[in-house]
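*Asks:* Pasting the sequence and the predicted coordinates here, then a few questions.
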Amino acid sequence: MRNLLAIFSRSPLGPLHEMMGEIETLMGMVPEMLNAVKAGDFSSTKETAKKIMQLEHEIDTLKNDIRDHLPHSVFLPLDRKDFLRILSNMDDIADCIEDIAILFTLRTMTIPEGFEDSLFDVWLRVQETFAECKKMISGFDDLIASGFSGPTANAFLEMIDSVNQFEWETDKRVYKASQAILALEDSESPVAIMMWMKILDKMGNVADSCESMAKGINITITK
Amino acid sequence: MTETIILSAVVIVGFYMAWNIGANDVANAMGTSVGSKAITFTQAVILAGIFELLGAILVGGNVTRTISKGIISLDATSDVSVFIIGMLSALLASAIWLNVASRLGLPVSTTHSIVGAVMGFGIVAYGFGAVNWNVAVAIVLSWVISPLFGGILSFFLFWFLLRNVIATENPVEAIKKVAPYLIFAVATILSLSMLYKGLKNLNLNLPFFDAIIISLTIGLLAFGLGRQSLKRIKNNNESSFAGRMKAMEKVFIVLQVITACYVAFAHGANDVANAVGPVAAVYEGIKSGQLLKEVPVPFWVLVMGGIGIVVGLATYGRHVIKMVGENIMNLRPSRGFAAEFGCATTVLVCSKLGLPVSTTHTLIGALVGVGFARGMGALNMKNVKMIVVSWLWTIPFTAVLTIILFFIAKAALL
């Protein structure tokens, strides 16, 4: 009887949900940090950045755990390569957030006047993009239950479309925000402008990783 | 006097083997249904008991005949007392091996053990020529083919369900339409296997044509009954698709009880022989002093094996079913249904052909088949491989153990 049970492997999806939940928490810490920067509270900024780095490390451990429990002998309803791609995209999201946190600790940043709205707007779009990805991972069990086809698959294709849409919106906001910060080149120090450009770039990367993740999910459906 | 002792010994060991089979293997069939809470333990034990017994008594004769006289062919000059001792050794060796293997946690099959054992003593007692190699090769081939065939059958059934039920706008309505045909198939195959050459023991031998007509009638009756009872299932018009999928799986939970009975029947038909094949051989050898190919398997032997399986199920199977039920949660009822259908059909066809196959192996093949149709969460292929090749070391081991026991018994008794 043990025979029969032995062929069922631990599904990697449970830990994947857990990892996505932690990344969501990580995403939520960014506005916290931005608000601390806005308030000019450098110690609080550093505090939040430290929390972000800690959580990112935990997510990294979780990722390694998931990957290590996925030997070649485990047969999944989706291609191993596609699964690992989704996992790696999730990891990229966490990495980018950590990079943003590090950038804020390198130097005391103050948000220039007139830039605040553009900055928060960028992050809002990034969060929207991510939320759509989170929805897909939460519903991934349903996708498997439906055999990657039918109405569930169609709903997923729609969500993938919105991720692409949100990512495009994010890019536009990053472009605008970059213009806004570069317009201040006479009043702001070049170092500050360089830092803000880097931060904007990393925020854009979060959305890019979300889009790449959506592409990975798309492949599992169209296969 | 010696003969009575030998017969008692073989009956006791045979019953013990049957008990073992009932205790361990029957959970293959019922574990999933209990796990999905479609039926309670007690109901599972009763249902499995009925269908195991029916399978053993009505269809079990074919495979029993293969094991008792198909593998080793004797001529008139052969020494029957050697054959009797050999069969006793074979049964004892299998029983010991199964106990050792389960202690060590090795995946082994009762079928493979007994076939290896019988071949082992046949070779030392009568030489290579005595083994009916046509039968032996057919059996070994069936061990490769049965998981494969079960897998292919389940793959296509699941693929069909995916297309026509699972991935449709309204899966509950779809399954209500499709299910009666599936019930029809199960009922027809089951009754055909019972009626055609199955009722010999009850002196009711129906010709093939009659058997088909009656089976189709029973199938149609089941079709109508199934459709009526399915109609009563309300479609709550769940707004979310996920909700509708859940409602559909609930219908599959009920259908799975039917395939579970189907598996229990096929299991009884195939695996009872592992316990009673040697018993039949010894009894016949003692009674007539020779072995005749044409003699049917004694009815009481099959009944004894069937009862042994049911007793095993009732005393120990409960525990195994519970364990399987609790650990098999990631098997959705629609998947379990497809796998069990493919498995039971394959095993039943093999039983009718007199081929002793492993029910567990066939079920694993069927589950992998569903996996290839993208139906499974995660399968451990390393363990699948290990289980599949387990018969490579089961056969030599039981063969050698049988030979040792055979020489000991021969020295002691002859």
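*Replies:* Looks like it arrived, so ask away.
*Asks:* Please make it C-alpha for all contacts and neighbour counts, starting now.
*Replies:* Noted.
*Asks:* Residue of the stretch 51-200 of chain B nearest chain A, please.
*Replies:* Closest residue of the stretch 51-200 of chain B to chain A, CA to the nearest CA: B:Ala167 (4.0 Å).
*Asks:* wait, that residue sits on A:Ala145?
*Replies:* No: contact between B:Ala167 and A:Ala145 fails when scored by CA atoms under 8 Å: they sit 9.3 Å apart.
*Asks:* Comparing those two, which residue is more hemmed in?
*Replies:* Between B:Ala167 and A:Ala145, A:Ala145 has the larger neighbour count (other CA atoms under 10 Å in any protein chain shown), namely 25 against 21.
*Asks:* Do I have it right that that one meets B:Arg374?
*Replies:* No: proximity of A:Ala145 to B:Arg374 does not meet the contact threshold set by CA under 8 Å, at 9.3 Å.
*Asks:* list the residues that contact both of these two?
*Replies:* Shared contacts of A:Ala145 and B:Arg374 (CA atoms under 8 Å, 6 or more residues apart in numbering or on different chains): none.
*Asks:* Can I get stretch B:78-96 in CSV, CA atoms only?
*Replies:* Only the C-alpha atoms of stretch B:78-96 are listed here, as CSV (Å, rounded to 0.1, in the frame of the first residue of the first chain):
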residue,chain,number,x,y,z
SER,B,78,5.6,-36.7,-13.2
ASP,B,79,5.8,-37.3,-9.5
VAL,B,80,2.7,-35.6,-8.0
SER,B,81,4.0,-35.7,-4.4
VAL,B,82,6.9,-33.6,-5.5
PHE,B,83,4.5,-31.1,-7.1
ILE,B,84,2.4,-30.9,-3.9
ILE,B,85,5.5,-30.2,-1.7
GLY,B,86,6.7,-27.7,-4.3
MET,B,87,3.4,-25.8,-4.3
LEU,B,88,3.4,-25.6,-0.5
SER,B,89,7.0,-24.3,-0.6
ALA,B,90,6.1,-21.7,-3.2
LEU,B,91,3.2,-20.4,-1.1
LEU,B,92,5.2,-20.4,2.1
ALA,B,93,8.1,-18.6,0.3
SER,B,94,5.8,-15.9,-1.0
ALA,B,95,4.2,-15.3,2.4
ILE,B,96,7.6,-15.0,4.0
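*Asks:* which parts of it are buried?
*Replies:* Of all the residues in stretch B:78-96, those buried under the rule 16 or more other CA atoms under 10 Å in any protein chain shown are B:80-96.
*Asks:* So what's the model's average confidence on that stretch?
*Replies:* Per-residue pLDDT over stretch B:78-96 has a mean of 89.
*Asks:* Distance check, the closest residue to A:Val74 other than its chain neighbours against B:Ala242.
*Replies:* Once flanking residues are discounted, A:Val74 sits nearest to B:Asn380: 4.7 Å by CA to CA, 6 or more residues apart in numbering or on different chains. Noted for B:Asn380: a distance of 27 Å to B:Ala242, by CA to CA, to the nearest Å.
*Asks:* and the two? which has more neighbours close in?
*Replies:* Set B:Asn380 next to B:Ala242 and count neighbours by other CA under 10 Å: B:Asn380 wins out with 22 against 18.
*Asks:* For the more buried one, which residues are in contact?
*Replies:* Applying CA under 8 Å, 6+ apart, the residues contacting B:Asn380 are A:6-9, A:73-75.
*Asks:* go with 7 Å
*Replies:* Going by CA atoms under 7 Å, 6 or more residues apart in numbering or on different chains, B:Asn380 touches A:7-9, A:73-75.
*Asks:* B:Glu3 now?
*Replies:* Here B:Glu3 is in contact with B:Ile286 (CA under 7 Å, 6+ apart).
*Asks:* Need the three-state assignment for it.
*Replies:* helix (DSSP: H, G, I helix; E, B strand; the rest coil).
*Asks:* before we move on, what about A:Ile111?
*Replies:* Reduced to three states with three-state DSSP, the structure at A:Ile111 is coil.
*Asks:* Chain B versus the closest residue in space to it that isn't next to it in sequence, what's the distance?
*Replies:* Nearest residue to A:Ile111 in three dimensions, chain neighbours excluded: A:Lys38, at 6.0 Å (CA to CA, 6+ apart). According to CA to the nearest CA, to the nearest Å, A:Lys38 and chain B sit 42 Å apart.
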